[in-house]
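Asks: only geometry, no sequence info:
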């Protein structure tokens, strides 16, 4: 089980008030949870900067009609078996597909895989969204 | 079918050389495709800024053991039926799950949905990754 | 004088440990200050998103030799007297100048001013760096 | 003098039209300049990622009344003489100051300097805005 610790923080009254207002607006039930999330978000950015083991999702927007493209996307993903966890395919309209490739691994490796998919001809937009494996955040 | 146009661009020799080197490194087969991607990436950022219809993926890292959390996540997503396209669930380890919620809709709406999921207690990290419906990028 | 409040936060032990390590690494003297900064950074991003009154700096990298460019940069800045606070000019090398334009005003206005400077021919790189007037952060 | 090269690019008609509309909106006189800027912006991000020699500006928002703070800020900057180019100080209101520290050097060094200034107690917000020395962009 996760061990909780409790500690106190001092803060300018105005800063607390402004932060509380924003947290409520975004749907947080209480201040503690909003603070924890702010800290975790910083830590995830840091994990990526420092090349730790990370998790993420590669978004790929492409035209399914482009000859050979789906095949090439699949090949590259199979080649990166250890990084790729799963793939979700969405039919946006008659021409456009959206593919989400869930990935895990060292930040650099994962970035390289993303580059090799995004740079393919026919992929109109791609991005690597960063999250975490959660190991250091619990 | 997509109509192609061809036009010429003038550029400092050094800028072209540096850009070509970077494009090759990222796996682009030719300069044109790398340039098209650079322009599309700018346009996607703009679509989000201007509140257009967008697509994206909400990444959610959470502990599945947290009482009531999975249920709450599912309820919110069902409530936002028009924005949510699909959900992929990944078992990271004994405690941590990763969920990718594919979404589509007006930028503001989609952001609000992301906030309401990310702010739940037990969600350790969440982010809304932006991509496009492709309609204006073809 | 600024009124301080003190409140307590509960957090997973591991999260606190990881955050403390990062905070020390970046030079923070104590945890409270690191937490306050994390919250303020979120609020500044929010001020910009919501179009509040903001402060910032426009960085402009350009070739001073380009005919008419310095004159045009100065004209535009004079035209935006209410947003522009001051300008710092740095001679990077024989060809390149770096100019930092300190600005203040509604987020949208300031963005428009930045665009009009950055889009000038001869300006090789420009960016609007966001900070705050501090009014809501104290 | 800078040598220019001219080459042709093929692109979907719709992409060109959307990009042109955005470029005009931001004030660009012609498409070529807007394209060059998009490429340079990518290259600057890359210079920072790869730890090249970079230029930038550290924005510091702080309360001048905080005992010992101005002195400490000055000391740290003097200690980093080789990175610091110049400092601009702006009086925002009775309590808040904005300081822009122009910096140059290896990306990691510059980041470390920024961290040590931003983490000081009394500095409410700080950020390192990235630009370039222009050497590889010409």
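Replies: Looks like it arrived, so ask away. Quantities reported herein were computed from a predicted structural model and do not represent experimental measurements.

Asks: top helix in chain A by residue count?
Replies: Ordering each helix of chain A by length in residues (DSSP state H) puts helix A:31-49 first.

Asks: residues in contact with that helix?
Replies: Helix A:31-49 is contacted by residues A:16, A:19-20, A:22-23, A:26, A:28, A:53-54, A:107, A:130-132, A:136-137, B:118-119, B:121, B:123-127, C:7, C:9-12, C:15, C:18-19, C:22, C:35, C:38-39, C:42 when judged by Cβ atoms under 8 Å, 6 or more residues apart in numbering or on different chains. Every C-beta, even on glycine, is put in place using the N, C-alpha and C of the backbone.

Asks: wait, is residue A:88 part of a helix?
Replies: No - Residue A:88 is assigned strand when assessed by DSSP: H, G, I helix; E, B strand; the rest coil, not a helix.

Asks: so who does it touch?
Replies: A:99-100, A:102, B:86, B:88, B:100, B:102.

Asks: Secondary structure and pLDDT for these - can I get that in TSV?
Replies: Shown next, in TSV, are the contacts of residue A:88 (DSSP: H, G, I helix; E, B strand; the rest coil; pLDDT from 0 to 100):
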residue	secondary structure	pLDDT
A:99	strand	93
A:100	strand	93
A:102	strand	93
B:86	strand	92
B:88	strand	91
B:100	strand	93
B:102	strand	93
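
Asks: With adjacent residues omitted, what lies nearest to the residue in chain A positioned nearest to chain B?
Replies: Of all residues in chain A, residue A:129 sits closest to chain B, at 3.2 Å by Cβ to the nearest Cβ. Distances taken as Cβ to Cβ, 6 or more residues apart in numbering or on different chains put residue B:129 closest to residue A:129, at 3.2 Å, once the chain neighbours are dropped.

Asks: same question, residue A:50
Replies: Computed as Cβ to Cβ, 6+ apart, the closest residue to residue A:50 that is not its neighbour in sequence is residue A:107, at 7.7 Å.

Asks: For residue C:47, see how far away that neighbour is.
Replies: Between residue A:107 and residue C:47 the distance, using Cβ to Cβ, to the nearest Å, works out to 30 Å.

Asks: Tell me which of those two has more neighbours.
Replies: residue C:47 (23 against 18; other Cβ atoms under 10 Å in any protein chain shown).

Asks: mind checking pLDDT for the more buried one?
Replies: According to the predicted model, the pLDDT of residue C:47 comes to 86.

Asks: Flag every residue of chain A that's near chain C.
Replies: Chain A has residues A:2-16, A:18-19, A:22, A:31-32, A:35-36, A:38-40, A:42-43, A:46, A:136-138 near chain C, with proximity defined as Cβ under 8 Å from any Cβ of the partner chain.

Asks: Which of these are buried, as a ChimeraX select command?
Replies: Selecting only the buried entries of the residues of chain A next to chain C in ChimeraX, with 16 or more other Cβ atoms under 10 Å in any protein chain shown as the criterion:
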select /A:9,11,12,15,16,18,19,22,31,32,35,36,38,39,40,42,43,46,136,137,138
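
Asks: Leaving out the residues flanking it, which one is nearest to residue A:85?
Replies: Leaving out its chain neighbours, residue A:85 is closest to residue A:102 (Cβ to Cβ, 6+ apart), at 4.2 Å.

Asks: go on, residue A:52?
Replies: If the residues on either side of it in the chain are set aside, residue A:52 comes closest to residue A:107, at 6.4 Å by Cβ to Cβ, 6+ apart.

Asks: Just the pLDDT for the one you found.
Replies: According to the prediction, residue A:107 has pLDDT 90.

Asks: Verify the stated contact: it with residue A:54.
Replies: Yes - using Cβ atoms under 8 Å, residue A:107 and residue A:54 qualify as a contacting pair, with a distance of 5.0 Å.

Asks: and the gap between residue A:40 and residue D:118?
Replies: From residue A:40 across to residue D:118, the span is 20 Å (Cβ to Cβ).

Asks: what does residue A:45 give?
Replies: Going from residue A:45 to residue D:118 by Cβ to Cβ gives 15 Å.

Asks: what do you get for residue A:79?
Replies: Here the distance between residue A:79 and residue D:118 works out to 42 Å (Cβ to Cβ).

Asks: more neighbours, these two?
Replies: Taking residue A:79 and residue D:118 together and counting by other Cβ under 10 Å, residue D:118 has the greater number of neighbours (23 against 12).

Asks: right, and that one touches residue D:112 too?
Replies: No - distance between residue D:118 and residue D:112: 10.9 Å, which falls outside the contact criterion (Cβ under 8 Å).

Asks: what pairs with residue A:58 across the strands?
Replies: Taking DSSP bridges, one finds residue A:101, residue A:128 as the beta-bridge partners of residue A:58.
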